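J.: Okay, sequence plus prediction incoming.
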Amino acid sequence: MFRSWAVGLALMAACGAQAQPARPPVFVLNSLGADIAVVDPATFTVVKRIPTGKEPHHLYLSPDEKSLIVANALGDSLTFIDPRTAEVQRVVRGVSDPYHLRFSPDMKWFITAANRLDHVNLYRWFGSGASEPLQLVKRIAAPKTPSHLNIDTRSTTLYVSLQDSDELLAIDLATQAIKWKTPVGKMPADIYLTPDDKFLLVGLTGDKFVEVWDVSGANPKLARRIPTGPGAHSFRAWGDKRHVLVSNRAGNTISKIDLATLTVVDNFPAPAGPDDMELLTDGKTLLVTSRWAGKLTEIDTTTR
C-alpha cells in the first residue's frame, strides 16, 4: 500500500539515522526550486522550506550524523543542515559542481563528483568547526559524466560510476591514483558496496539489471547480472546487512535484493518514477521520491 503527497520536484528524501523520542524531520530536495522541503513525518505536511544554492541534486548524512549536507551543483556550494532541528549550520562555497558527495568512513576525506564538468574532487576534511573545513587535495579527470560515489569501509578505495561512458572507476585514496577502470552496462548510476567490501552493485538506469562486480581482488570481475526492472537507479540498505533495495525508475517498482544469494526476493509497486528512498526507523515504512509526479510517496512494505 502506498500514499503520495505533493512536495515539489523531489529528488531525494532523508531522515535522521537513529531512533529518537520524537521522529526527526524528513528532508526532500527540490532541484528546480533551489530549496529543501522539511516535512513533518507525523502529518506529512511541509512545515518549512530551506533555500539552497542552484540545483541541489543529492544530500548526505555525515558519518557522525551531525550534519545533513546538500550538494548544490550549479551553485558550486554545500549547505550543512542540522538533521534534527532543520536549521542551517553553514554554507561552504567554491566547491566545483558538486553533484554527488560522500565522506570516507573515517571522515578524513570528503569527495564530490562533478557530473557536468567530468571530474572528481578529493578534499581533506578538517571538521565542521574549522574556518575552512575543506582543502582540495586533487582533482581527477573522470570522463564521462561521473554520477555516483561509494567508498569502502577501510576508507582506502573510492568507486565512481561514469554514466555516459558506461564505465566504473576505482581510485586509491592514499595515492589519489586511478587503480582501474572497467566497462559496465548502460547508464550506470548509483553504486552500493556490500558490508564486507567484496561486491559492488551497479544500477543500470539504461537497462533492467543490477550488475554485481567482485572488487575484492586487484582487478574487478563481473559476478552476476540481477534482473530487477527497467531503469534500475538508486540503492537503499534495508538495515539488516543482508538486504538492499533498488528503485526501478522506468518500471515503477522497487526490488529487494538478498546480498547472500544475489537474487531478488521481493518487489514493491512504486508510482511515477521511483527514485531515491529512505527507510523509516519502524523498519517497514519506505519513503520514496516519485520523480515524474514531483511527490513523496509512503510505502508500507508489510501490506503492499
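T.: That came through, no problem. Residues are numbered from 1 along each chain as shown.
J.: quick one: low-confidence ranges for the stretch 201-304 of the chain?
T.: 304 (pLDDT under 70).
J.: Strands of that one, start to end?
T.: Secondary structure of the stretch 201-304 of the chain, counting by DSSP state E, counting those that start in this stretch: strands at 209-214, 221-227, 232-237, 243-248, 253-258, 263-269, 274-279, 285-290, 295-300.
J.: pretty sure Trp180 is in contact with Asp172, am I right?
T.: No. Taking contacts as C-beta atoms under 8 Å, Trp180 lies outside contact range of Asp172: 9.8 Å. The C-beta positions use only the backbone N, C-alpha and C, and glycine is treated the same way.
J.: follow-up on the earlier one: of the strands of the stretch 201-304 of the chain, which is nearest Gly203?
T.: strand 232-237 (4.2 Å; C-beta to C-beta).
J.: before we move on, back to that, wait, which of the strands of the stretch 201-304 of the chain is closest to Thr153?
T.: strand 232-237 (13.0 Å).
J.: Alpha carbons only: can I get the closest one in CSV?
T.: What follows is strand 232-237, C-alpha atoms only, in CSV (Å, rounded to 0.1, in the frame of the first residue of the first chain):
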residue,chain,number,x,y,z
ALA,A,232,17.5,0.4,-12.1
HIS,A,233,18.8,3.5,-10.4
SER,A,234,19.2,4.1,-6.7
PHE,A,235,20.0,1.9,-3.7
ARG,A,236,19.0,1.9,-0.1
ALA,A,237,20.2,-0.6,2.6
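J.: which outside residues touch that strand?
T.: 189-192, 201, 203-205, 207-210, 243-249, 255, 275-279, 286 (C-beta atoms under 8 Å, 6 or more residues apart in numbering).
J.: That one pairs with which strands, and in what direction?
T.: Paired strands of strand 232-237, with direction, are strand 243-248 (antiparallel) (DSSP bridges).
J.: From the chain's centre, how far out is the strand it pairs with? Work that out for me.
T.: Distance, stretch centre to chain centre, for strand 243-248: 12 Å (C-alpha atoms, centre = their mean, to the nearest Å).
J.: Could you do stretch 136-151 as well?
T.: 15 Å.
J.: could I get that stretch in PDB with only the CA atoms?
T.: Coordinates of each C-alpha in stretch 136-151 appear next as PDB, following Å, rounded to 0.1, in the frame of the first residue of the first chain:
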ATOM      1  CA  LEU A 136      41.200  20.500  -2.200                       C
ATOM      2  CA  VAL A 137      43.900  17.800  -2.500                       C
ATOM      3  CA  LYS A 138      43.400  16.600  -6.000                       C
ATOM      4  CA  ARG A 139      41.100  17.000  -9.000                       C
ATOM      5  CA  ILE A 140      40.900  13.800 -11.100                       C
ATOM      6  CA  ALA A 141      39.600  13.800 -14.600                       C
ATOM      7  CA  ALA A 142      36.700  11.300 -14.800                       C
ATOM      8  CA  PRO A 143      35.000  11.400 -18.200                       C
ATOM      9  CA  LYS A 144      32.300  10.900 -19.000                       C
ATOM     10  CA  THR A 145      29.700  12.200 -16.500                       C
ATOM     11  CA  PRO A 146      30.800  10.900 -13.100                       C
ATOM     12  CA  SER A 147      27.500  10.100 -11.400                       C
ATOM     13  CA  HIS A 148      27.600   8.300  -8.000                       C
ATOM     14  CA  LEU A 149      30.200   7.600  -5.500                       C
ATOM     15  CA  ASN A 150      31.000   4.900  -2.800                       C
ATOM     16  CA  ILE A 151      33.900   4.200  -0.500                       C
END
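J.: Next up, the contacts around Met107.
T.: Here Met107 is in contact with Ser62, Pro63, Asp64, Trp125 (criterion: C-beta under 8 Å, 6+ apart).
J.: secondary structure class for it?
T.: Reduced to three states with DSSP: H, G, I helix; E, B strand; the rest coil, the structure at Met107 is coil.
J.: Need the pLDDT of it.
T.: pLDDT recorded at Met107 is 93.
J.: Also the one 4 residues further on?
T.: Note for Ile111: predicted pLDDT of 98.
J.: and it, how many neighbours?
T.: A count of nearby residues for Ile111, using other C-beta atoms under 10 Å, gives 23.
J.: tell me which element Ala37 is part of?
T.: Per DSSP states H and E: Ala37 is located in strand 35-40.
J.: which element follows that strand toward the C-terminus?
T.: Strand 35-40 is succeeded, C-terminally, by strand 45-51 (DSSP H and E).
J.: circling back: the strand holding Ala37 packs against which elements?
T.: strand 26-30, strand 45-51, strand 56-61 (3 or more C-beta pairs under 8 Å, 6 or more residues apart in numbering; DSSP states H and E).
J.: quick revisit: want to throw the strands of the stretch 201-304 of the chain into CSV with mean neighbour count and distance to Gly94?
T.: Listed next are the strands of the stretch 201-304 of the chain as CSV, based on neighbours: other C-beta atoms under 10 Å; distance: least, C-beta to C-beta, whole Å:
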stretch, mean neighbour count, distance to Gly94
strand 209-214, 21, 34
strand 221-227, 15, 39
strand 232-237, 24, 28
strand 243-248, 24, 33
strand 253-258, 20, 37
strand 263-269, 15, 41
strand 274-279, 23, 26
strand 285-290, 24, 29
strand 295-300, 20, 32
